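K.L.:
structure for this input, please:
(chains A and B)
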Amino acid sequence: MVGVPLFFDLALIWGPTVASFFFSFTNWNGIGAITDKNIIGLKNYESLFNSYPFFWPALEHNIIWLGFLMFIATPAGMFMAVLLDRELRGTRFYQTVFYLPVVLSLAVIGIIWRLQYAPEQGFINNALGRTSNENLIDWLGSPSLNLWAALIATSWRHVGYIMVLYLAGLKSVDPALREAAKVDGANERQTFLRVVFPVMAPINVVIVVVTTIEALRAFDIAYIINGGKNGLELLSTLITNNSISESSRVGFGSAIAVILLVISLGPIIVFLTRMMREDRR
Amino acid sequence: MTGATVPRGQVPAPVNRRPIRPRRIALHAFLLFMAATWLFPLLWAAFSSLRPYGETLRKGFISWPDVLSFANYPAAWTRGEFPQFYLNALIVTIPGVILTLFIASMVAFAVSRFTWRFNLFCLVLFTAGNLLPPQVIIVPLYRLYLLLPIPPPLSDNGLLYDQYFGIILIHVAFQVGFCVFVLSNYMKTISRELTEAALADGAGVWRIYWNVILPLCRPALAALATLEFTFIYNDFFWALLLMKSGDRRPITSALNNLQGQFVTDFNVLAAGALLAAIPTILVYFALQRHFISGLTLGATKG
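P.N.:
All right, here's what the predicted structure looks like:
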């Protein structure tokens, strides 16, 4: 019952994870077998850190991505959840609306936002009256703007996702706690900050982990906008652009994958330790 | 508890409510504003999709429409070869969801109902596998898909690469982690005596799994089925990198190919995007309850 699924999980997920690690020490280009001559030690990492022009920008973009989600989109989603977690007419309607983008494919989201951002035909520039050649704003083309444009499109989806997760957490808070706080004369804000938020600590950890993993996984939107180049480099797009699409620098791309793996292990371990602690209880 | 602060005989309701009123109105105003903002990009796409392209060019993109028609939809339907892509999506999504739930429920059953040494190890392996960014494993996986020989009924080019089977396989392997996590948490809430009683009655492990535990997990399975349907249907990444033939790709990757073709006609592009979104939107409206509970199961019991 467990053996076969475990075999596939190991073969298709963990095998490749370990293989990425080994590939990262080679200069294999995907053709022929890997021989001793292919093993080049840490050279891939050296050139990644010292000479590859896109590594540091990509890392910076991932960090901006994480910061934007963590400090703007995620709190916005939590805030919406807090607002909607009460007896309120139309709460179902609001929840439906905010969650709607989450069920859309990022490919569809990419097109929906292209209709907003397109330089001559998009809504934003038309509304601002900046569609002529001299003054148009190239939201998706300009390297200084496209990251932010992508982040807004991503957040459109992320806010609803976090809202639902957090709302579920809020519903599980014992109502007696709020009642008690109310009796003690706490207002709504105090009740949330001093009573509900601390009680929600386990959910808060999940939210932070989910946000971090979403930021590390970011790929689709950047790829759809311009293939993840020209201002939209992310660690994830560097991996595929180096090792699959254009060239087959398998070893070099794997080195980037290992770095992404090492960063991802942080939130994964946080999540797992919490899971195990819960398990023991 | 409030009874203690409000003496009996008084009418507490109006006293309590009046000061809240203006705040309620402000709250609704804010929520309505946010909802309108959230819906706008989608409504704008819908609006664009209903306008003839000639008219938008003549009158401007932001203008009062003379004509609204569904003419862009058949255009997107045929130019985008939607029947083929819907079919591709079904070929991958339906077996993907069923296999994922079947396998995950077996693993979750074994992990949650029986105590053996590798329980926690298994659970960690599956859960962590689902949390990895897929880009971490894509390079070796791509090589594996190009190397591994696969016999004809499953593959027509002898490989996993560029095959429906290969895409289904990676979806299942990746998604099983999430479902094992959710289902094992759910199964832990089912009383252990039930399994023990069935064992005492002489039922085999397989019978307990199929006839006792699975029926009790129906709510969790329904929730996961709706979630997994959208996850797999919406996939962009695996199909982009592990499929080569354009006519085998699912809708999401196909939309990316179509952008070039439609670059001159944004209104048809909008219609295409909405056509691609319709299956998940329909599932969402029909099964909203399951959606929310699926995510909730994943989050709060972790």
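
K.L.:
list the buried residues of the host helix or strand of A:Leu83.
P.N.:
According to DSSP states H and E, A:Leu83 maps onto helix A:74-84. Judged by neighbour count (16 or more other C-beta atoms under 10 Å in any protein chain shown), helix A:74-84 contains these buried residues: A:74, A:76-78, A:80-84. The C-beta positions use only the backbone N, C-alpha and C, and glycine is treated the same way.

K.L.:
show me which positions of the next helix or strand after it end up buried.
P.N.:
Sequence order places helix A:91-99 as the next helix or strand after helix A:74-84, per DSSP H and E. For helix A:91-99, burial by neighbour count (16+ other C-beta under 10 Å) applies to A:94-99.

K.L.:
contacting residues around the residue lying closest to A:Asn38 once chain neighbours are set aside?
P.N.:
Excluding its sequence neighbours, the residue lying closest to A:Asn38 (C-beta to C-beta, 6 or more residues apart in numbering or on different chains) is A:Thr26, at 4.4 Å. Applying C-beta atoms under 8 Å, 6 or more residues apart in numbering or on different chains, one finds that A:Thr26 lies in contact with A:34, A:38-40, A:250-251.

K.L.:
how does it look with 10 Å?
P.N.:
Contacts of A:Thr26 were listed using C-beta atoms under 10 Å, 6 or more residues apart in numbering or on different chains, and they are A:34-41, A:43-44, A:250-252, A:254-255.

K.L.:
out of these, which are buried?
P.N.:
A:38, A:44, A:250-252, A:254-255.

K.L.:
circling back: anything in the helix holding A:Leu83 near chain B?
P.N.:
Yes. Under the criterion of C-beta under 10 Å from any C-beta of the partner chain, chain B is reached by helix A:74-84 at A:76, A:79-80, A:83-84.

K.L.:
out of the residues you listed, which is nearest to A:Glu233?
P.N.:
A:Glu233 lies nearest to A:Ala76 out of the residues of helix A:74-84 next to chain B, by C-beta to C-beta, at 26.0 Å.

K.L.:
looking at it, that closest one is touching A:Tyr161, isn't it?
P.N.:
No. When contacts are counted by C-beta atoms under 10 Å, A:Ala76 is not listed as touching A:Tyr161 (11.3 Å).

K.L.:
now do the shared contacts for these two.
P.N.:
With C-beta under 10 Å, 6+ apart as the test, A:Ala76 and A:Tyr161 both reach A:Phe98.

K.L.:
just checking, A:Leu106 touches A:Phe219?
P.N.:
Yes. Using C-beta under 10 Å, A:Leu106 makes contact with A:Phe219 at a distance of 8.5 Å.

K.L.:
between the two, what contacts are shared?
P.N.:
Common neighbours of A:Leu106 and A:Phe219 (C-beta under 10 Å, 6+ apart) are B:236-237.

K.L.:
phi and psi next, for A:Thr26.
P.N.:
phi -120, psi 170 (degrees, to the nearest 10).

K.L.:
give me the pLDDT for it.
P.N.:
A:Thr26 is assigned a predicted lDDT (pLDDT) of 90.

K.L.:
how much space between A:Ile269 and A:Met275?
P.N.:
For A:Ile269, the distance to A:Met275 equals 10 Å [C-beta to C-beta, to the nearest Å].

K.L.:
likewise B:Ser245?
P.N.:
For B:Ser245, the distance to A:Met275 - C-beta to C-beta - is 40 Å.

K.L.:
now tell me which helix or strand of chain B has the poorest mean pLDDT.
P.N.:
helix B:12-17 (a mean of 46; mean pLDDT, DSSP states H and E).

K.L.:
next secondary structure after it?
P.N.:
Heading C-terminal from helix B:12-17 (DSSP H and E), you reach helix B:21-49.

K.L.:
other SSEs contacting that next one?
P.N.:
helix A:74-84, helix A:91-99, helix A:106-117, helix A:123-128, helix A:146-171, helix B:72-79, helix B:266-286 (3 or more C-beta pairs under 10 Å, 6 or more residues apart in numbering or on different chains; DSSP states H and E).

K.L.:
could you give me the buried positions within that helix?
P.N.:
Buried residues in helix B:21-49 (16+ other C-beta under 10 Å): B:31, B:34-35, B:38, B:41-42, B:44-45, B:47-49.

K.L.:
spit out the contact partners of A:Leu88.
P.N.:
Going by C-beta under 10 Å, 6+ apart, the list of residues near A:Leu88 reads A:94, B:24, B:27-28, B:31.

K.L.:
the helix or strand that contains B:Val124 - contacts with which helices or strands?
P.N.:
Assigned by DSSP H and E, B:Val124 belongs to helix B:119-131. Packing partners of helix B:119-131 (3+ C-beta pairs under 10 Å, 6+ apart): helix A:3-9, helix A:201-217, helix A:250-280, helix B:82-113, helix B:164-188.

K.L.:
buried stuff in the fourth one?
P.N.:
Translated: helix B:82-113. Result for helix B:82-113 [16+ other C-beta under 10 Å]: buried residues B:82, B:85-86, B:88-89, B:91-93, B:95-97, B:99-101, B:103-113.

K.L.:
out of those residues, which are close to chain A?
P.N.:
B:99, B:103-111.

K.L.:
rebuild the residues you listed as TSV, extending it with pLDDT.
P.N.:
Converted to TSV, those look like this (pLDDT from 0 to 100):
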residue	pLDDT
B:Leu99	96
B:Ile103	94
B:Ala104	93
B:Ser105	93
B:Met106	92
B:Val107	91
B:Ala108	91
B:Phe109	90
B:Ala110	88
B:Val111	86
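
K.L.:
ok, back up a step: can you give me the mean pLDDT across the helix holding B:Val124?
P.N.:
pLDDT averaged over helix B:119-131 gives 87.

K.L.:
go on, stretch B:156-175?
P.N.:
90.

K.L.:
for the stretch 151-281 of chain A, which spans come out with low pLDDT?
P.N.:
For the stretch 151-281 of chain A, the stretches flagged by pLDDT under 70 are A:245-247, A:279-281.

K.L.:
quick check, the residue in it closest to chain B?
P.N.:
In the stretch 151-281 of chain A, no residue comes nearer to chain B than A:Ala168, which is 3.6 Å away by C-beta to the nearest C-beta.
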